[in-house]
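S.K.: only geometry, no sequence info:
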Ligand SMILES: Nc1ncnc2c1ncn2[C@@H]1O[C@H](COP(=O)(O)OP(=O)(O)OP(=O)(O)O)[C@@H](O)[C@H]1O
Ligand SMILES: [Mg+2]
């Protein structure tokens, strides 16, 4: 099956007068149609930067120093604003952590969803048809249409996030990128919103990238998982395999999962791993995780590891490479020592 989204060797640096933050250091990611990919990693790992790079909404200080982002075979890096307008919303919609990032406090929620429907209306719908569509969207996100006339501040956090999801749906996107969509919500509301997103995804056959700190959310909603550390994907694989403790994993993944009994148990936010997270302004020469790794060898401090396949898992680690002499070299990442 061909990939809906394909990110290759993506490097992003935030350049300010004071410092250079190496936020993404050679990201490779693939997403197939209908699939939900979870991106997991600690704060500062670069998760949001990936999302913003795909949307081509990076801060002005961000420089894409190399790489490619193809959506449905169309290159997004360097695409014109006109081309990007067609992709944003209509093909890819993003849901941010804080609903107020996406909502206008001075407009009623109904007017905002309606505006979105009109902006993405390719069929020249009549006012009546637009109204019908807005009603349908509110029904889908389980908000009574009578509440359309209210302003965002009248809504609770969970309801606001539902409105944001409604706005994303109004564009009928093929791909939704949800960046910590439920982090700001309390646990019960979190699971309601998550259930709603999963239901809608299945119903509409939308593909999804779910960015989260929370392995519980990944377990509930993803088909495949990418584990991120310091601007790199250190491990990717199918959900069941990344969560399978009997398989060999990246030492960072192993650390993340230590506190979690199994895939089906309830799990809290990530447990801290020994040491401090790598400083993205001053990354080590070898493996970015070497400073915190309990399996660290000399080579790890000197040479950037390549990605190898271990069964269906793809892992970037010298220790595993030596231990299992395993994997066949993955052509994706033959750029040893290549760090910009
Ligand atoms: N506009 C910016 N200017 C400078 N540095 C930035 C900017 N945005 C992000 N960064 C830095 O880039 C790195 C990656 O940030 P990013 O927000 O992508 O991480 P994240 O994984 O989404 O973290 P979180 O879980 O906290 O949301 C961090 O070190 C962050 O401080
Ligand atoms: Mg983030």
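M.R.: Structure's in. What do you need? Quick caveat: nothing in here was measured; it's all calculated off a predicted structure. Ligands and ions are numbered 1, 2, ... in the order given.

S.K.: and the gap between residue 98 and residue 143?
M.R.: 19 Å (Cβ to Cβ, to the nearest Å). All C-beta atoms are positioned from the backbone trio N, CA, C, and that covers glycine.

S.K.: Between these two, which is the more surrounded one?
M.R.: residue 143 (21 against 15; other Cβ atoms under 10 Å).

S.K.: Residues of the stretch 1-150 of the chain that sit close to ligand 1?
M.R.: Neighbours of ligand 1 within the stretch 1-150 of the chain, by Cβ under 6 Å from any ligand atom: 14, 16, 21, 23, 41, 43-49, 59, 61.

S.K.: Considering the residues you listed, which possesses the most neighbours?
M.R.: Greatest neighbour count in these, by other Cβ under 10 Å, goes to residue 45: 27 neighbours.

S.K.: Quick one: residues contacting that residue.
M.R.: 228, 229, 230, 231 (Cβ atoms under 8 Å, 6 or more residues apart in numbering).

S.K.: residue ranges of the strands in the stretch 201-340 of the chain, please?
M.R.: 207-212, 224-229, 232-238, 307-310, 313-316 (DSSP state E, counting those that start in this stretch).

S.K.: Need the ones you listed in a markdown table (columns: mean neighbour count and mean pLDDT).
M.R.: Output for the strands of the stretch 201-340 of the chain, formatted as a markdown table (neighbours: other Cβ atoms under 10 Å; pLDDT from 0 to 100):
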| stretch | mean neighbour count | mean pLDDT |
| --- | --- | --- |
| strand 207-212 | 25 | 95 |
| strand 224-229 | 25 | 97 |
| strand 232-238 | 24 | 98 |
| strand 307-310 | 20 | 94 |
| strand 313-316 | 25 | 97 |
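
S.K.: Can you lay out these as JSON lines showing distance to residue 104?
M.R.: JSON lines is the format used below for the strands of the stretch 201-340 of the chain (distance: least, Cβ to Cβ, whole Å):
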{"stretch": "strand 207-212", "distance to residue 104": "24"}
{"stretch": "strand 224-229", "distance to residue 104": "32"}
{"stretch": "strand 232-238", "distance to residue 104": "35"}
{"stretch": "strand 307-310", "distance to residue 104": "43"}
{"stretch": "strand 313-316", "distance to residue 104": "42"}
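
S.K.: Can you tell me the number of residues neighbouring whichever residue of the stretch 101-250 of the chain sits closest to ligand 1?
M.R.: Closest residue of the stretch 101-250 of the chain to ligand 1, Cβ to the nearest ligand atom: residue 213 (6.0 Å). When neighbours are defined as other Cβ under 10 Å, residue 213 has 18 of them.

S.K.: residues contacting the nearest residue to residue 288 once chain neighbours are set aside?
M.R.: Nearest residue to residue 288 in three dimensions, chain neighbours excluded: residue 230, at 3.9 Å (Cβ to Cβ, 6 or more residues apart in numbering). Contacts for residue 230 (Cβ under 8 Å, 6+ apart) come out as 25, 44, 45, 46, 277, 278, 280, 283, 288, 289.

S.K.: before we move on, what about residue 275?
M.R.: Residue 275 touches 291, 292, counting by Cβ under 8 Å, 6+ apart.

S.K.: Please apply the same query to residue 69.
M.R.: For residue 69, the contact set (Cβ under 8 Å, 6+ apart) comprises 5, 6, 7, 8, 10, 53, 54, 75, 76, 77.

S.K.: a strand runs through the second one, doesn't it?
M.R.: Spelled out, it's residue 6. Yes. Secondary structure assignment places residue 6 in a strand (DSSP: H, G, I helix; E, B strand; the rest coil).

S.K.: Run a quick neighbour tally on it.
M.R.: Residue 6 has 18 neighbouring residues, counting by other Cβ under 10 Å.
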